[in-house]
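Novice: With the sequence up front, the predicted model follows.
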Amino acid sequence: MKILLPPSEGKTPAASGPIIDLDGLSAPDLTAKRKRVLAALQKTSKRRDALERLGVGKSLAEDVERNTVLDTIPCAPALLTYSGVLYEAMGARDLVAAAATDESLQERLRQVQVYSALFGRVNGLDVIPAYRLAMKTELGTLGRLTSFWKPILAKSSNLEPAEVALDCRSSDYRAAWPGPNEQVVLMGAVTDKDGKRRVVSHWAKFYRGQFAGRLLADERPLPQAMDELVARAEELYEVEFTAPTASKPAALTIVVRD
């Protein structure tokens, strides 16, 4: 099984570590494209109008300036570089620390696939720098990055024919690679108060991260089929499952009752 995650907007710069080795990342078929995006990002980030072109405010000027030296600054595993609600709920830092002496956990963390505007896709242990770039950005001659990456990621998919993918991504990153409807399970959450339901938006990240973290921390192998994935979720939450159709992927929804 693969666990598909979005990147976080904010990232934690590594205090120490190796510099980026694009040739050493997973999915080496993406290396040439990653080099193109990195070069375009560095060029754009050096412009006077870089903030406007990258769609960020003045408070993020330091992040944009860091983009210009991404090939020379320290890097850390992706699960430590990305931050925010989802990664905190996942317990990412503890998982990476525990994986240092646990080969089985290392393998599970490599099944985590983070979709990235800069790298296309990295696994949880790929070593990357803290960058600032959104998938919806129009980056120089590359155009909108969602459109740039979509045909590339379609050819690069490492999802096996019978493998399940738990999709915890946001819409921009799903658009870059939606995956086969019959294999993808979208994860969401709703609140139920007196029979009235509301879709959980921001805090859906928390539940997605929490469930992903619990799957990864479990010593059992990751689920291999949709019914097994649903059974694992039912051990922890009240859930509802909608099977896939020809036009829609499956949906696994956590129900939070007030």
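Specialist: Great, that's in hand.
Novice: can you pull out the strands in the chain?
Specialist: Taking DSSP state E, the strands of the chain run over residues 2-5, 76-77, 112-116, 120-123, 127-128, 165-167, 184-193, 196-199, 239-242, 250-257.
Novice: just so I know, which of these lies nearest Arg93?
Specialist: Distance to Arg93, taken as Cβ to Cβ, is lowest for strand 76-77 among the strands of the chain, at 9.8 Å. All C-beta spots, glycine's among them, are computed from the backbone N, C-alpha and C.
Novice: That closest one packs against which elements?
Specialist: Contacting strand 76-77 under the criterion 3 or more Cβ pairs under 8 Å, 6 or more residues apart in numbering; DSSP states H and E are the following elements: strand 127-128.
Novice: which helices and strands does the strand it packs on pack with?
Specialist: strand 76-77, helix 78-81.
Novice: for the residue nearest to Arg257 when sequence neighbours are not counted, what are its contacts?
Specialist: In this structure, Arg257 finds its nearest non-sequential neighbour in Asp192, 4.9 Å apart by Cβ to Cβ, 6 or more residues apart in numbering. Each residue near Asp192 by Cβ atoms under 8 Å, 6 or more residues apart in numbering is listed here: Val255, Val256, Arg257, Asp258.
Novice: okay, now the third one: neighbour count?
Specialist: In other words, Arg257. 9 (other Cβ atoms under 10 Å).
Novice: pretty sure it contacts Lys193?
Specialist: Yes - counting by Cβ atoms under 8 Å, Arg257 touches Lys193, with 7.4 Å between them.
Novice: What's the per-residue pLDDT of the most far-flung residue of the chain relative to its centre here?
Specialist: The C-alpha centroid of the chain is most remote from Asp194, which lies 34.1 Å away (Cα atoms, centre = their mean). Confidence at Asp194, expressed as pLDDT, is 78.
Novice: Ok, Leu70 next?
Specialist: 98.
Novice: hang on, isn't it packed against Gln42?
Specialist: Yes - Leu70 lies in contact with Gln42 (Cβ under 8 Å); the separation is 6.8 Å.
Novice: out of these two, which sits in the busier spot?
Specialist: Shown here are Leu70 and Gln42; by other Cβ under 10 Å, Leu70 has more neighbours (21 against 15).
Novice: quick revisit: let me have the helices and strands packed on strand 127-128 in TSV, extended by mean pLDDT.
Specialist: Formatted as TSV, the helices and strands packed on strand 127-128 follow (pLDDT from 0 to 100):
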stretch	mean pLDDT
strand 76-77	98
helix 78-81	98
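Novice: Of those, which stretch is the most buried?
Specialist: Comparing these by mean neighbour count (mean count of other Cβ atoms under 10 Å), helix 78-81 ranks first with a mean of 25.
Novice: which strands and helices sit next to that helix?
Specialist: Helix 78-81 packs on helix 92-99, strand 112-116, strand 127-128, going by 3+ Cβ pairs under 8 Å, 6+ apart.
Novice: go with 10 Å
Specialist: When contacts are defined as 3 or more Cβ pairs under 10 Å, 6 or more residues apart in numbering; DSSP states H and E, helix 78-81 packs onto helix 85-90, helix 92-99, strand 112-116, strand 120-123, strand 127-128.
Novice: Many thanks, have a good one.
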